[in-house]
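Enquirer: No sequence on hand, only this structure:
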């Protein structure tokens, strides 16, 4: 079995409507050619069919497909994956001169956010942030931001002034683990308090120095965020783990770690089901749809 497909399900059943709020889909280069300027290759084996198998094993039923940096402004792989998965939403990358007609088209196809990847390899920079935040907020989109959290406090006031909603990736994506008193992490918590910011408690394996099984240094940040503002947290796998193409983490273990950070089933449901339903516009899950114990 591929390392990108879990060998087992998590040790507990996930709630109905559990959503993976950050995954990517790749495809054949003759259909989805990489952008010429991309420093990243497509992830081998990261196609939507394999993801669907992984999602079924994990017990997830909804997904948010995030445009990979490798494809630049060509959102076709993301849109095709959304269509294949069914109950899915997407986060796209569009140029500053994008037309209202194109934004309307993408919104109708399920796009709900615009991605800014500020760590190198993204096609949008800080100079486009306010322009595109305003354009896309008019269509109900949020800004999804990935940057080195160690500088988050330097941008916090600017981010707080953006129209619409803001989603910050991977516990703030501190490129080196920090303590909870770091200015960037303090700024992240303050952003969550404004009622328009969410954070994905994902990707702990990407920057951890302590490593598996607990990724304790970065897991501290995830636990702290969940305790501070569970109504502003999201769950995500980051499949197919593009930063670890040859050594992906154990997805079942990551789900189990997430549940341990939550502590209670009600918090797991809030973060996995209720928060993404509200943010991305999924249909609510009624009690009769919950699995019977």
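Expert: That came through, no problem. It should be emphasised that the depicted structure is a prediction, and the values quoted were computed from it without experimental measurement.

Enquirer: Give me the contacts around the longest strand along the chain.
Expert: In the chain, assigned by DSSP state E, the strand with the most residues is strand 111-117. Strand 111-117 has contacts (Cβ atoms under 8 Å, 6 or more residues apart in numbering) with 64, 66-67, 69, 75, 79, 89-94, 122, 124, 128-129, 132-133, 136, 140-147, 167, 279-281. Where C-beta positions appear, they are placed from N, C-alpha and C, glycine not excepted.

Enquirer: where do the helices sit along the protein?
Expert: Secondary structure of the chain (DSSP state H): helices at 48-58, 76-85, 100-108, 129-137, 152-160, 183-192, 204-207, 216-228, 251-262, 265-269, 275-280.

Enquirer: Please identify the most buried of the ones you listed.
Expert: helix 204-207 (a mean of 23; mean count of other Cβ atoms under 10 Å).

Enquirer: which helices and strands does that one pack with?
Expert: Helix 204-207 sits against helix 216-228, helix 251-262, with contacts defined as 3 or more Cβ pairs under 8 Å, 6 or more residues apart in numbering; DSSP states H and E.

Enquirer: For residue 52, which of the ones you listed is the nearest?
Expert: Each of the helices and strands packed on helix 204-207 has some distance to residue 52 by Cβ to Cβ; the shortest is helix 251-262, at 13.5 Å.

Enquirer: got any ranges where the protein has weak pLDDT?
Expert: Residues of the chain that meet the criterion pLDDT under 70 lie in 1-2, 287-293.

Enquirer: Would you quantify the distance from residue 177 to residue 122?
Expert: Separation of residue 177 from residue 122 (Cβ to Cβ, to the nearest Å): 23 Å.

Enquirer: In contact with residue 257, which residues?
Expert: Going by Cβ under 8 Å, 6+ apart, residue 257 touches 204, 213-215, 219.

Enquirer: scratch that, residue 282 is what I was asking about
Expert: Residues near residue 282 by Cβ under 8 Å, 6+ apart: 17, 19, 62, 87, 89, 276.

Enquirer: is it true that the third one touches residue 20?
Expert: Think residue 62. Yes. Judged on Cβ atoms under 8 Å, residue 62 makes contact with residue 20 at a distance of 7.1 Å.

Enquirer: Pick out whichever of the two has more residues nearby.
Expert: More crowded of residue 62 and residue 20, by other Cβ atoms under 10 Å: residue 20, with 28 against 24.

Enquirer: Switch the helices and strands packed on helix 204-207 over to TSV; also include distance to residue 107.
Expert: Converted to TSV, the helices and strands packed on helix 204-207 look like this (distance: least, Cβ to Cβ, whole Å):
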stretch	distance to residue 107
helix 216-228	29
helix 251-262	30
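
Enquirer: closest one to residue 35 among the ones you listed?
Expert: Nearest of these (Cβ to Cβ): helix 251-262, 27.6 Å.

Enquirer: That closest one versus helix 216-228: what angle between them?
Expert: 50 degrees (axes from the mean of the first three to the mean of the last three Cα atoms, to 10 degrees).

Enquirer: tell me the angle of helix 251-262 relative to helix 48-58?
Expert: Angle, helix 251-262 to helix 48-58, by the same axes, to 10 degrees: 50 degrees.

Enquirer: Figure out how far helix 251-262 is from the centre of its chain.
Expert: Relative to its parent chain, helix 251-262 has a centroid offset of 16 Å by Cα atoms, centre = their mean, to the nearest Å.

Enquirer: just stretch 156-167 next, same as before
Expert: With Cα atoms, centre = their mean, you get 17 Å for stretch 156-167.

Enquirer: For that stretch, give me every contacting residue.
Expert: Stretch 156-167 is touched from outside by 113, 129-130, 133-134, 136-137, 140-145, 187, 190-191, 194, 196-200, 234, 279, with contacts defined as Cβ under 8 Å, 6+ apart.

Enquirer: make it 7 Å
Expert: 113, 133-134, 137, 141-145, 187, 190-191, 194, 196-198, 200 (Cβ atoms under 7 Å, 6 or more residues apart in numbering).

Enquirer: and what of stretch 23-35?
Expert: By Cβ under 7 Å, 6+ apart, the residues outside stretch 23-35 that reach it are 41-43, 46-48, 51, 63, 65-66, 68, 70-72, 74, 76-78, 81, 123, 237-240, 242.

Enquirer: Please pick the buried ones from those residues.
Expert: 42-43, 46-48, 51, 63, 65-66, 68, 70-72, 77-78, 81, 123, 237-240, 242 (16 or more other Cβ atoms under 10 Å).
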